[in-house]
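Asker: please work out how this folds:
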Amino acid sequence: MTTPTSSRGRRRAPTRIERAAGRAAALQRPRVILALLLLLALTCVMLLDGYLRAEVGGDQRVRSNADSSKVPDSILNGGPILTFRGGRATTVSVPDKTIALTFDDGPNPTWTPKVLAILRKYDVPATFFLVGSMVSRYPGIVKTMVAQGDEVGVHTFTHVDLSYQSDTRIRREMEQTQLALAGAAGITTTLFRAPYSSETDAIDDYSWPVYEKLGKEGYTSVFVDTDSDDWKRPGVSKIVRWATPQGTEGASVLFHDAGGERSQTVAALPRYIQKMRAKGYTFTTISGVLQQQRAAAGQSASGLGTAQQTDALQAAQHRATGMTLYEGKALIAAVAVAEWTLPVLSVGLIIVGVAVMGRFAMMVVLARRHHRQRNRRRFGWGPPVTRPVSVIVPAYNEKECIANTLESLALSTHPIEIIVVDDGSTDGTCDIARAAAESLGMTNVRVIRQENAGKPAALNNGVRSASYDIVVMMDGDTVFEPETVRHLVQPFADPSVGAVAGNAKVGNRNTVIGAWQHIEYVMGFNLDRRMYDLLRCMPTIPGAIGAFRREAVLAAGGMSEDTLAEDTDITIALHRAGWRVVYQEHARAWTEAPGSLKQLWSQRYRWSYGTMQALWKHRKSLTDRGPSGRFGRVGMPLVVIFQIVTPVFAPLIDVFTLYSMLFVDFRAALLAWLAVLGVQLACAAYAFRLDREKYRYLLMMPLQQLAYRQMMYLVLIHSCITALTGGRLRWQKLRRTGEVGTPAGAR
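Answerer: Here you go, the predicted structure:
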C-alpha cells in the first residue's frame, strides 16, 4: 500500500487522525500548566506557613554594646514613650502611681486568653504589642482583645531586630503587621515596640535611625522602665517584685503573654494587680498615658472617665478602611488555608508514608517467597509444554528494530510461527521484515500488511491469523533470548492459567535515562509482578513480552481499543473471566526504552492514563464474586492506592521534606530523607539480586530520586487531570534507534 501524495501546488488536507492529534496536543498544554499551578500553589502555602512561623527570612541576631553618641541625651535619659510630634523627638514618662501594663510577643492560643480573662476580671486595661505572624494565625484572639477595650501595638511581623534590616524590610515588617491587624480586628495602630528593646538608654546609633524613620511616619515607640523578666521563669514572687516600681513612681511594665511557657506569668498577674492597687496605683494603656500628658497638668489617670479612655484608645487605634481592610482579610484567609492545609497534609503524608513503607515490606516478603517457590528443584507447572506457539509482532515504522527482533526469534529453542502485522508503516518495515526473514532462512514467518488502525487492531489481526492455541505477543522493538519463548509458555501446563507475563528488560541502559528506567523495571515492575502473582491479581501483562491462550483472548473480545493500555485492559478482562495470570521471571525480553525525556513523558503519560481508563472500564470488578472477583477485591485497591493515589501525593512528600529542611529542622529532615532512600536502595538491591543484575546501576538511584521520580509524578498528575477533565489520547509512536540488538549484546 502506498501513501497518496498531494497534487503539485495544493496543500494536502489533514486526516481525521491528524486533526484529532492536533486537538489532543492543544488540550494537553493547559492541563500541564494546571498541574504545575496546583503544585506551585501548595508550595506557596508551605512558604507562607514557614514565614508565619518566623522560620523564613527571620533574623535572630541581637545588636548589643553599640555606641550611642548620635542619640540625644534627652532621649537616653527620658521616659519610656518616644513620640515625634511636629518632627521633634520627645519622650513621655508614666505619671506617679500609674502603671501602663504591657505584654509582648503574642497572641498565643494558650496563654493570651488566660491573661485576657484576668484583665477582664479585675477590669484592668493593657497594651499588647503583637507579632504580625501570630496575629494572622490567631485573629480571633486579637478581635476579642480589641473588643474588650485593650490596646494593641506593632511588634514587627517576624520578631526581628530592625537595626540590622534594610528600609524595605522594615517597611514590610510594619505593613504586614498592620494588614494582619486590619484583617483580624478591623483596626490599625500607631504604637510600636521593637523586638529585643528595653529602656531608652539602650538605644544606639544603629537603632536610632529606625525610630526616627518610624516616628516620621507617625509611630509612637514604646520602651520599658520596669521589666518583670517573667521570660526567665524565676518564680511568681520574683516576677511580682521585679515588676514593682520604686516608691510611687509610675512605670511602663513589661510582661509576656507568648514566646514560651507562661504559667508563672498567669499566676503572678492577679497578685501583681492586687498588690499595686493596694499601694494606690491605677492601670492605664499607653494611649491613656499620652492622653493624660496632653490633659491638664497634674490630672491623674484615675481622673480619666470612660469616654476619655475611649478617646485615648482611638488616638492610637484607627479603623481600617479601603484596600488595607480587604488586603488584611485576604491575608487572614490565606493564613487560615495554610494553617488548615499543613496539619491535614502532615497527617495525609504520614498515612501515605506508612502505606509506601508497608508496600515495600510486602513486596520484599512476597518476592522472596515467589522466588523460592518458583525456583525449587521440584517445582513444575505440569507436563512440559512443547507444542508450537504463535508469536505476534505488531509493527509500525519499525525499520530500525524489526530485523533484530526477527533475528532473535530465529534463535528460539521452542517451535514457533512468527506473524508480523505491519500496521500501515510508511518506512518500509514490511519489506525489511520480509528481507530479514529470507536472509535468515526463516520459513516460519508471515508478514501481514493492514491499513493503519493502531496496535490493538494489529494484535487482533495476529490473533485471528494464529495457527496455534497459545499466542505470544511482543513489541516490534523487542528482542528475545533463545530460551524466552520456552520459559514463557511453560505455565500453560496448568489449565487454569490464561496468560503469562514475562520479564521485560531495558536494553539501552548505558545512558542516564536508560539507567533510571532499568532501575524502575527491575525494582518497580518485576518486584510488583512477583507480589501480584502470589496474590493472584496481576494487573498488567507487559506489551513487550506476554503469552495468552488464544481462546481466552477471543472470548474476551480481543484487544480492546477502548483504552490506551490494551495490555492492562485484556489482563483485567482475563481475571474477570476466571483465568489465572502469572509471572515468569526466566522469560526475558530486551526492549528499547525511550531515549529522551520528551519521549519518556509521552510513553508514561499514555501508560498512566491508559491504566486509569482500564480501571474505570472494569470498575464493576469490585462487585464480581468468586475467583473472577479476586482482582476487584485485591488487585483493584492495590493498583489504585499504590499506582495512582500514593504517587499523586509523592511530590507533596518531596515538597514537605524541602519545607522541613528549610523551615523546621534541616538535619532531622535530611536524615529522614536519607533513611527512606536507604530503604529504597535495600529493596532495589534485593530486586537486582533476584534478577541477577549488576549493582553498579544503583549508583544512579539517588539522582533518580531527585529528578526522574519527580518527572514520573508530574506525568501521573497530568494524567489524572486529563482523566478528570474528560480528555482523550491516541496511541503514540516513539522514535526508535535500533540500538538494542541481540540479547547477548544487550547486557
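Asker: which one is residue 511 nearest to, not counting chain neighbours?
Answerer: residue 595 (6.8 Å; Cβ to Cβ, 6 or more residues apart in numbering). For the C-beta atoms, the positions are set from N, CA and C on the backbone; glycine is no exception.
Asker: distance check, the one you found against residue 602.
Answerer: Distance of residue 595 to residue 602, given as Cβ to Cβ, to the nearest Å: 12 Å.
Asker: repeat that for residue 333.
Answerer: For residue 333 relative to residue 602 (Cβ to Cβ), the value is 40 Å.
Asker: those two: which has the busier surroundings?
Answerer: Legend: neighbour count by other Cβ atoms under 10 Å for residue 333 and residue 602, higher for residue 602 (18 against 13).
Asker: which strand or helix spans the more buried one?
Answerer: helix 597-617 (DSSP states H and E).
Asker: can you give the contact residues for the next helix or strand after that helix?
Answerer: Later in the chain than helix 597-617, the nearest helix or strand by DSSP H and E is helix 630. If you take Cβ atoms under 8 Å, 6 or more residues apart in numbering as the criterion, helix 630 is touched by 536-537, 575.
Asker: going by neighbour count, list what's buried in stretch 485-497.
Answerer: In terms of neighbour count (16 or more other Cβ atoms under 10 Å), stretch 485-497 has its buried residues at 485-492, 497.
Asker: er, stretch 638-649 actually
Answerer: 638-639, 642-647, 649.
Asker: Serialize the residues you listed to CSV and add fields for secondary structure and distance to residue 264.
Answerer: Formatted as CSV, the buried residues of stretch 638-649 follow (DSSP: H, G, I helix; E, B strand; the rest coil; distance: Cβ to Cβ, whole Å):
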residue, secondary structure, distance to residue 264
638, helix, 55
639, helix, 57
642, helix, 51
643, helix, 55
644, helix, 53
645, helix, 48
646, helix, 47
647, helix, 50
649, helix, 43
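Asker: which one (most neighbours) among the contacts of helix 630?
Answerer: Going by other Cβ under 10 Å, residue 575 tops those with 28 neighbours.
Asker: quickly find the element holding it.
Answerer: Counting by DSSP H and E, residue 575 is found in helix 566-576.
Asker: what do you get for residue 364?
Answerer: helix 322-374.
Asker: of all the buried residues of stretch 638-649, which comes closest to residue 721?
Answerer: Nearest to residue 721 out of the buried residues of stretch 638-649 is residue 644 (Cβ to Cβ; 12.6 Å).
Asker: the closest one against residue 717, yeah?
Answerer: No: in this structure residue 644 lies outside contact range of residue 717 using Cβ atoms under 8 Å: 10.3 Å.
Asker: and which of the contacts of helix 630 is nearest residue 249?
Answerer: Nearest to residue 249 among the contacts of helix 630: residue 537, at 82.1 Å, using Cβ to Cβ.
Asker: now do the contacts for the closest residue to the closest one other than its chain neighbours.
Answerer: Take residue 537 and drop its neighbours on the chain: the residue closest to it by Cβ to Cβ, 6+ apart is residue 635, 2.9 Å away. The contact partners of residue 635, taken as Cβ under 8 Å, 6+ apart, are 532, 535, 537-539, 572, 575.
Asker: cool, and residue 328?
Answerer: Contacts of residue 328 (Cβ under 8 Å, 6+ apart): 178-184, 320.
Asker: just to check, the residue nearest to residue 511 is in contact with residue 512?
Answerer: No: the criterion here is Cβ under 8 Å, and residue 595 misses it with residue 512 at 10.5 Å.
Asker: of those two, who's got more company?
Answerer: residue 595 (18 against 13).
Asker: assign a three-state SS to that one, would you?
Answerer: coil (DSSP: H, G, I helix; E, B strand; the rest coil).
Asker: what's the spacing between it and residue 544?
Answerer: For residue 595, the distance to residue 544 - Cβ to Cβ - is 16 Å.
Asker: check residue 711 too.
Answerer: Distance from residue 711 to residue 544, by Cβ to Cβ: 21 Å.
Asker: who's more crowded, those two?
Answerer: Taking neighbours as other Cβ under 10 Å, residue 711 and residue 544 compare with residue 544 leading, 24 against 16.
Asker: contacts only, for the more buried one.
Answerer: 474-475, 478, 502, 504, 589, 591.
Asker: re the thing from before, let's have the buried residues of stretch 485-497 in JSON lines, adding distance to residue 73 and secondary structure.
Answerer: Output for the buried residues of stretch 485-497, formatted as JSON lines (distance: Cβ to Cβ, whole Å; DSSP: H, G, I helix; E, B strand; the rest coil):
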{"residue": "485", "distance to residue 73": "99", "secondary structure": "helix"}
{"residue": "486", "distance to residue 73": "101", "secondary structure": "helix"}
{"residue": "487", "distance to residue 73": "96", "secondary structure": "helix"}
{"residue": "488", "distance to residue 73": "96", "secondary structure": "helix"}
{"residue": "489", "distance to residue 73": "100", "secondary structure": "helix"}
{"residue": "490", "distance to residue 73": "100", "secondary structure": "helix"}
{"residue": "491", "distance to residue 73": "97", "secondary structure": "helix"}
{"residue": "492", "distance to residue 73": "101", "secondary structure": "helix"}
{"residue": "497", "distance to residue 73": "98", "secondary structure": "strand"}
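Asker: give me the below-cutoff pLDDT ranges for the stretch 101-250 of the chain.
Answerer: Within the stretch 101-250 of the chain, not a single segment meets pLDDT under 70.
Asker: let's see that with 90 instead.
Answerer: 158-161, 163-165, 198 (pLDDT under 90).
Asker: what do you get for the stretch 301-450 of the chain?
Answerer: Residue ranges of the stretch 301-450 of the chain with pLDDT under 90: 301-316, 334-360, 363, 375-380, 400-401.
Asker: contacting residues around residue 395?
Answerer: With Cβ under 8 Å, 6+ apart, residue 395 has these contacts: 402, 420-423, 425, 429, 433, 458, 476.
Asker: one more: residue 497?
Answerer: 381, 491, 549, 579-582.
Asker: which residues does it form a beta bridge with?
Answerer: residue 580 (DSSP bridges).
Asker: what of residue 448?
Answerer: Bridge pairing for residue 448 - DSSP bridges - gives residue 421.
Asker: so what's it up against?
Answerer: 419-422, 461-462, 465.
Asker: would you map the strands across the stretch 401-550 of the chain?
Answerer: Using DSSP state E, counting those that start in this stretch, the strands of the stretch 401-550 of the chain run over 416-423, 445-450, 470-474, 478-480, 497-506, 545-549.
Asker: which of those sits closest to residue 367?
Answerer: strand 497-506 (12.7 Å).
Asker: for that closest one, what is the average pLDDT?
Answerer: The average pLDDT for strand 497-506 rounds to 95.
Asker: any idea how far the helix holding residue 364 is from the chain center?
Answerer: 8 Å (Cα atoms, centre = their mean, to the nearest Å).
Asker: in its sheet, which strands sit next to whichever helix or strand comes after that helix, and in what direction?
Answerer: The first helix or strand that comes after helix 322-374 along the chain, using DSSP H and E, is strand 389-395. Applying DSSP bridges to the sheet, strand 389-395 is found paired with strand 416-423 (parallel), strand 470-474 (parallel).
Asker: residues contacting residue 609?
Answerer: 564-565, 719, 722-723, 729 are the contacts of residue 609 under Cβ under 8 Å, 6+ apart.
Asker: show me the residue at the heart of this protein, geometrically.
Answerer: residue 652 (1.3 Å; Cα atoms, centre = their mean).
Asker: hey, where'd the strands end up in the stretch 1-150 of the chain?
Answerer: 81-83, 90-92, 98-106, 127-130.
Asker: could you export those as CSV, including mean neighbour count and distance to residue 369?
Answerer: Formatted as CSV, the strands of the stretch 1-150 of the chain follow (neighbours: other Cβ atoms under 10 Å; distance: least, Cβ to Cβ, whole Å):
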stretch, mean neighbour count, distance to residue 369
strand 81-83, 22, 77
strand 90-92, 18, 81
strand 98-106, 26, 59
strand 127-130, 29, 61
